[in-house]
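**Q** How does the following fold in three dimensions:
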Amino acid sequence: MTAEYTVQGNIALITLNNPPVNGLGLATRLAITDGLAQAHADANVKAIIITGAGKAFSGGADITEFGSPKAYQEPNLLSVILAVEAATKPVIAAVHTVCMGGGLELALGCNYRIAAPGCNVALPEVKLGLIPGAGGTQRLPRALGVEPALNMIVSGEPVKSELLAMVPGQQLFTRMATSAETLLAEAVAYAAEVADMRPLPQVRQLPSRHPQGDAYFQFARNMVKGMAKNFPAPVKCVDMVETSTKRKFDDGMALERETFINLMWTPECRALRHLFTAERAASKIPDVAADTAQRAINAVAIIGAGTMGGGIAMNFLNAGVPVKMLEMKQEALDRGLATIRKNYEAQVSKGKLKQDKYEQRMALLSTTLSYDDLSDADLVIEAVFEDIGVKEAVFKELDRVMKPGAILASNTSTLDVNKIASFTQRPQDVVGLHFFSPANVMKLLEVVRGEKTAKDVLATVMSLAKKIKKTAVVSGVCDGFIGNRMIEQYGRQGGFLLDEGCTPAQVDKAMEKFGMAMGPFRMSDLAGNDIGWAIRKRRYTEKPDMKYSKTADLLCEKGRFGQKTGAGWYDYVPGKRDAIPNAEVVKMIEDHRAALGITPRKISDEEIVQRLVFSLVNEAAHILEEGIANKASDIDVVYIFGYGFPVYRGGPMNYANEVGLFNVVQAMQRFAQNPLDDAKFWQPAPLLAKLASEGKIFG
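**A** Sure thing, here's the model as predicted:
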């Protein structure tokens with residue numbers, strides 16, 4: 001059973017027990033209604049308490065039932081709450097630790113609510129592109145007040161129970177317990193106190209009103225529209241809370257349900273729900289069991305104190321893990337330390353970090369100029385120049401000094417991890433940990449699994465990623481792994497579009513309108529155009545048949561490497577990130593076009609978006625086929641968290657599914673007819689062709 005029924009004296013206790021967060025799955029919902037019936041049938045029972053076992057009251061819907069018939073099967077959550085409200089004996093919710101989503105809606109259906117301090121309370125449905133669907137938009141404004149309720153519903157963020165208890169006039173928590181430990185005893189005493197009190201109070205009977213009425217809701221709607229322009233749910237949250245002030249309770253409930261179901265089928269909601277499950281699924285590796293023993297990581301060493309090394313170090317310092325940084329020269333160490341201090345000081349000055357926390361973090365950081373000082377580290381991460389010769393020298397030294405069982409990681413973004421592992425006598429301990437820049441900010445971590453990487457090494461680094469608040473995705477070994485291998489095709493298409501008639505600004509604007517954080521040319525300027533240049537020079541010898549536009553090489557020959565030089569595809573003013581179009585760059589592109597004898601044509605935003613996004617999709621299909629990525633959803637996670645792909649589109653693979661794979665293949669066949677494009681590349685990957693012909697989608 002996922003809820004237990006017990007009786008203490010004349011108080012019945014229904015304890016939700018469906019770890020980890022007591023999700024309200026079908027079995028749990030049935031157990032609640034059965035418990036209520038049992039309590040009513042027992043003449044000795046005077047009151048009923050609903051609480052949660054373990055580390056939650058309830059986190060709401062059971063995510064394992066998402067999209068399955070069980071999610072809607074009766075009794076659904078609305079029916080459970082109606083059964084609670086129909087009780088003829090008082091029902092008390094005893095909430096602690098986590099009370100979110102359907103869990104909070106269930107508590108709001110009870111007659112009384114006693115809360116332990118420190119309980120995280122939220123209605124987070126907006127983060128899945130939805131509104132609360134079991135009365136949250138109608139009951140919370142009545143219990144807590146319109147403004148605080150709307151703030152909670154629109155943000156989806158958790159608020160501590162003791163802060164909510166301080167809201168003037170609130171009836172969300174009718175009592176606060178002294179502590180989580182004493183909650184149950186206090187709830188039993190409270191139940192005994194109210195056992196004979198009638199009538200039974202109901203949140204649905206409370207008024208919902210705002211003194212400014214229409215003016216307040218119009219202001220709220222304007223604010224929300226400005227902040228959530230690509231998401232329909234937040235504005236609907238405002239509409240529904242307004243409904244609670246204008247309509248009868250049952251009418252409001254009917255409208256909430258209708259709105260919830262309509263939102264469920266929007267592409268934005270599908271994208272957010274896809275991402276929610278994709279992010280959780282990314283940590284699961286098919287052949288590495290969840291209970292694989294892990295290695296202890298109590299100290300970390302980092303080779304290189306540059307931008308990347310410093311950023312990586314901050315992740316571990318933030319998580320309370322001691323870090324030792326190595327450099328070849330003292331001035332490089334001093335520079336690296338100064339940058340880390342500057343980053344932390346900026347957080348302190350903005351009030352995002354307390355001074356004592358900053359000092360604690362810096363106290364965990366030490367430096368050295370000698371490899372021999374690293375021998376105690378459990379994990380070492382190399383963040384040196386992206387050159388195989390440099391990596392070889394580093395890994396031979398690490399092999400010499402690191403203790404047995406230490407994990408040896410490379411932050412390489414493109415190089416062969418198997419080759420790097422071969423520089424050591426312990427390839428089973430070598431793994432790629434590709435952090436994204438700036439490493440202390442970006443959430444994505446590509447974990448590159450070498451041919452010989454041990455399973456316990458993988459299990460350890462995946463768990464460590466969670467500790468340092470990263471979303472980790474496993475990739476096999478290939479040039480560029482998942483993200484950079486795909487982005488190369490995206491960049492190639494950008495170059496062909498310049499040859500055919502676009503300007504960098506036109507391409508970037510089209511992609512930013514589509515929702516990308518940055519278009520390809522602004523992104524290249526940020527990363528450094530010289531990085532792409534180095535890769536292309538390698539390609540010209542390794543893959544001479546691979547076609548590129550020459551415009552990017554011409555740009556680099558002018559020394560326009562991007563933001564770091566103040567000039568790339570755009571001009572940059574010191575201290576600002578604004579991309580200012582440059583007339584000389586546009587002329588350079590036009591002259592190159594003329595030299596090739598190409599007559600420019602007008603290219604639509606739709607063509608720009610399709611060529612760039614579908615190039616990602618086709619390369620990703622090859623990556624899946626080769627087993628470089630475990631599943632399509634992992635690729636979406638990489639692109640959302642590492643490359644600024646719009647969240648509300650759910651990643652390139654989810655977007656392709658939404659467009660329809662048949663339509664994607666049709667567009668690719670059109671692009672293959674373009675003599676200035678790369679016809680060979682536009683042959684659909686066999687997996688993509690197969691799925692499209694069978695009317696299927698990426699799983």
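**Q** residues of stretch 443-450 that come out buried?
**A** 444-450 (16 or more other Cβ atoms under 10 Å). Quick note: C-beta positions are derived from backbone N, CA and C, even for glycine.
**Q** Nearest to residue 212 among those?
**A** Nearest to residue 212 among these is residue 444, at 43.1 Å by Cβ to Cβ.
**Q** ok, now which ones touch the closest one?
**A** 436, 470-471, 473, 483, 637-638, 641-642 (Cβ atoms under 8 Å, 6 or more residues apart in numbering).
**Q** out of those, which are inside strands?
**A** 471, 473 (DSSP state E).
**Q** Can you add neighbour count, pLDDT and distance to residue 69 and give the contacts of residue 444 back as CSV?
**A** Shown next, in CSV, are these (neighbours: other Cβ atoms under 10 Å; pLDDT from 0 to 100; distance: Cβ to Cβ, whole Å):
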residue, neighbour count, pLDDT, distance to residue 69
436, 21, 92, 39
470, 23, 97, 35
471, 20, 96, 30
473, 31, 97, 31
483, 22, 95, 37
637, 27, 97, 27
638, 29, 97, 32
641, 24, 96, 32
642, 23, 94, 35
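**Q** for the contacts of residue 444, which one is nearest residue 42?
**A** Comparing the contacts of residue 444 against residue 42 with Cβ to Cβ picks out residue 471 as the nearest, at 48.8 Å.
**Q** what sits against that closest one?
**A** Applying Cβ under 8 Å, 6+ apart, the residues near residue 471 are 279, 282, 443-445, 465, 637, 641.
**Q** Can you tell me which of those is nearest residue 255?
**A** For the contacts of residue 471, the nearest to residue 255 is residue 279 (31.4 Å; Cβ to Cβ).
**Q** Was I right to think the closest one contacts residue 637?
**A** Yes: using Cβ atoms under 8 Å, residue 279 is in contact with residue 637, at 5.8 Å.
**Q** Just give me the closest of the contacts of residue 444 to residue 546.
**A** Nearest to residue 546 among these: residue 483, at 18.7 Å, using Cβ to Cβ.
**Q** List the residues that contact that closest one.
**A** 434, 436, 444, 446, 638-639, 642-643.
**Q** separation between it and residue 639?
**A** Distance of residue 483 to residue 639, computed by Cβ to Cβ, to the nearest Å: 7 Å.
**Q** can you pull out the helices in the stretch 501-650 of the chain?
**A** With DSSP state H, counting those that start in this stretch, the ranges of helices along the stretch 501-650 of the chain come out as 504-514, 520-527, 529-542, 551-557, 583-595, 605-625, 632-642.
**Q** can I get these in a markdown table with distance to residue 129?
**A** Shown next, in a markdown table, are these (distance: least, Cβ to Cβ, whole Å):
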| stretch | distance to residue 129 |
| --- | --- |
| helix 504-514 | 18 |
| helix 520-527 | 26 |
| helix 529-542 | 35 |
| helix 551-557 | 38 |
| helix 583-595 | 40 |
| helix 605-625 | 21 |
| helix 632-642 | 14 |
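**Q** between those, which gets nearest to residue 85?
**A** When the helices of the stretch 501-650 of the chain are compared by Cβ to Cβ, helix 632-642 sits nearest residue 85, at 39.0 Å.
**Q** So which other helices or strands are in contact with that closest one?
**A** helix 267-281, strand 444-448, strand 471-475, helix 483-500, helix 605-625, helix 652-659 (3 or more Cβ pairs under 8 Å, 6 or more residues apart in numbering; DSSP states H and E).
**Q** Out of these, flag the one nearest residue 632.
**A** Comparing these by Cβ to Cβ, helix 652-659 comes nearest, at 4.2 Å.
**Q** chain center to that closest one: distance?
**A** 18 Å (Cα atoms, centre = their mean, to the nearest Å).
**Q** Next, the buried residues of the next helix or strand after it.
**A** Scanning forward in sequence from helix 652-659 by DSSP states H and E, the next helix or strand is helix 661-672. Buried residues in helix 661-672, defined by neighbour count with 16+ other Cβ under 10 Å: 661, 664-665, 667-668, 671.
**Q** can you check stretch 546-561 too?
**A** Buried, per 16+ other Cβ under 10 Å, within stretch 546-561: 548-549, 551-553, 555-556, 560-561.
**Q** Against residue 487, how distant is residue 419?
**A** Note on residue 419: its distance to residue 487, by Cβ to Cβ, is 22 Å.
**Q** These two: which is more packed in?
**A** residue 487 (22 against 15; other Cβ atoms under 10 Å).
**Q** Select, out of the helices and strands packed on helix 632-642, the one closest to residue 147.
**A** Nearest of these to residue 147, taken as Cβ to Cβ: helix 267-281 at 25.6 Å.
**Q** Just after the closest one, pick out the following helix or strand.
**A** By DSSP H and E, the next helix or strand past helix 267-281 is strand 300-303.
**Q** Pairing partners for that following strand, with directions?
**A** Strand 300-303 has the following sheet partners, assigned by DSSP bridges: strand 323-326 (parallel), strand 379-382 (parallel).
**Q** contacts for the first one?
**A** The one in question is strand 323-326. The contact list for strand 323-326 (Cβ under 8 Å, 6+ apart) reads 299-305, 309-310, 313, 316-317, 333, 336-337, 364-371, 373-374, 377.
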